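In: Sequence and computational prediction follow.
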Amino acid sequence: MTSADSTVAHLPKVELHLHHEGAAPPAFIRQLAHEKRIDLSGIFTPDGSYDFRDFAHFLSVYEAASQVLTGPEEFRRLTWAILEESAANGVVYSETFLSPDFCGGGDVAAWRDYRAAIQDAADEAEAKLGITLRGVVTCVRHFGPEQAKASARCAAETAGNWITGFGMGGNEGMHRQGDFAWAFDCAREAGLQLTTHAGEFGGPESVRDAVRDLKVERIGHGVRAIEDPDLVHELADRGITLEVCPGSNVVLGLYPDFNAHPIARLREAGVKVTVSTDDPPFFHTTMRREYEMLNRAFGWGPEDFAVLNATALEAAFCDEDTRARVEKRLEIT
Ligand code: ADE
Ligand code: ZN
């Protein structure tokens, strides 16, 4: 292993795959739990990090932490904390996954208030920190297709300039992508762009299902497509963009380390790859660290990351004015 080239740490960055609750600093969640007298000691290590054994346990720790976030004002504060951290890591454009399940329980009126508070904080961060955020409403796969319909209705009711996409996270072991077709059709008809988690814990067939049954233009993770060379060609031919989160994949045990991660092979095969953090404090990562680790593992330098950023910006769920503005920021930063 070679040492990291520190110049990559300071490059501007575009991030497409970030879960809002998953980006909550543990100290933020601990403080809220303390204020509300909720005992969350079981989800933290003695040094205050999130504590989980495997993917299923990660999801339950994630949901336990999310339970303490109970109102729009808390999401406003959380949004500011997330964007301060992202901006400090050189991120100039980010998309965040927002679940109406955790923001009003799927009720449209409640969701409107959460969305407004989150966008308020994002607008302030854009003015003060120079980072642009857009929201992608996500349903949670293991909450099931009916609950996903409620999320899609929330997404459709607030589709517009700031809520720009719809997607799905959660446990890939439950249900099939096609079971969520109604929710994705509803979001598409409202003008939203689409992404879904696939090919993380599901194999290549889950990526095929996502493309065929949900007609998404991006895939969250998608890295296990590497196990099927025909699928790799298909993704390259169709220009499907992968939101790759290498540090997350390593911590959750998909690959032993960055050197074994397939991102470089996917890129060499012509697949559009981008880099994100997923749930940064859970995986002890930041966008800066992802860049440094990729530089170490594959020798990627500023030119490689400029290509990655251009790919991400091209696939970003934003309007053309925003894209042009962010493009300028990538040039001058
Ligand atoms: N929700 C938050 N992080 C996730 C991940 N890595 N996979 C699936 N769902 C998630
Ligand atoms: Zn994710």
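Out: Structure's in. What do you need? Ligands and ions are numbered 1, 2, ... in the order given.
In: In the stretch 201-333 of the chain, mark out all the helices, start to finish.
Out: With DSSP state H, counting those that start in this stretch applied, the stretch 201-333 of the chain shows helices at 204-209, 229-238, 246-251, 263-268, 287-298, 302-315, 320-332, listed in chain order.
In: and for the first one, what are the contacting residues?
Out: Yep, that's helix 204-209 we're talking about. For helix 204-209, contacts defined as CB atoms under 8 Å, 6 or more residues apart in numbering pick out 172, 176-178, 198-199, 219, 222, 224-225, 227-228, 231, 235. From N, CA and C alone the C-beta is placed, and that goes for glycine too.
In: out of those residues, what pair is the most spread apart?
Out: Taking CB to CB as the measure, these span a maximum distance of 20.9 Å, between 178 and 227.
In: For ligand 1, which of the helices of the stretch 201-333 of the chain is the nearest?
Out: In terms of CB to the nearest ligand atom, the element of these nearest to ligand 1 is helix 246-251, at 5.4 Å.
In: what about stretch 236-254, average pLDDT?
Out: The average of the pLDDT scores along stretch 236-254 is 98.
In: cool, stretch 106-120 as well?
Out: According to the model, stretch 106-120 has a mean pLDDT of 98.
In: who touches residue 254 in this structure?
Out: Listed by CB under 8 Å, 6+ apart, the contact set of residue 254 reads 200-201, 223-224.
In: re earlier: just the buried ones from the contacts of helix 204-209, in ChimeraX syntax?
Out: Buried residues within these, by 16 or more other CB atoms under 10 Å, are selected in ChimeraX with:
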select :172,176,177,198,199,219,222,224,225,228,231,235
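In: Kindly report the residues of the stretch 101-250 of the chain close to ligand 1.
Out: Neighbours of ligand 1 within the stretch 101-250 of the chain, by CB under 6 Å from any ligand atom: 169-170, 197, 200, 248.
In: Nearest to residue 88, out of the helices of the stretch 201-333 of the chain?
Out: helix 287-298 (8.5 Å).
In: and the longest helix anywhere in the chain, how far from the chain's centre?
Out: Secondary structure of the chain per DSSP state H: the longest helix is helix 108-129. Here the centre of helix 108-129 is set off from its chain's centre by 18 Å, with CA atoms, centre = their mean, to the nearest Å.
In: And stretch 241-253, by the same measure?
Out: With CA atoms, centre = their mean, you get 10 Å for stretch 241-253.
In: now swap in stretch 293-309 and tell me
Out: Distance, centroid of stretch 293-309 to centroid of chain: 20 Å (CA atoms, centre = their mean).
In: on that earlier part again, closest one to residue 142 out of the contacts of residue 254, please.
Out: Closest approach between these and residue 142, by CB to CB: residue 201, at 11.6 Å.
In: is it true that that closest one touches residue 56?
Out: No. Counting by CB atoms under 8 Å, residue 201 sits too far from residue 56 to count as a contact (9.5 Å).
In: Next, show the common contact partners of these two.
Out: Common neighbours of residue 201 and residue 56 (CB under 8 Å, 6+ apart) are residue 171.
In: more crowded one of those two?
Out: Taking neighbours as other CB atoms under 10 Å, residue 201 and residue 56 compare with residue 201 leading, 17 against 13.
In: sorry, back to before: flag every buried residue along the longest helix of the chain.
Out: Of all the residues in helix 108-129, those buried under the rule 16+ other CB under 10 Å are 110-115, 117-119, 121-122, 125, 129.
In: Please list all residues in contact with the residue in the chain that ligand 1 sits nearest to.
Out: Using CB to the nearest ligand atom, the single residue of the chain nearest to ligand 1 is residue 169, 3.4 Å away. Neighbouring residues of residue 169 by CB under 8 Å, 6+ apart: 19, 97, 99, 138-141, 197, 220.
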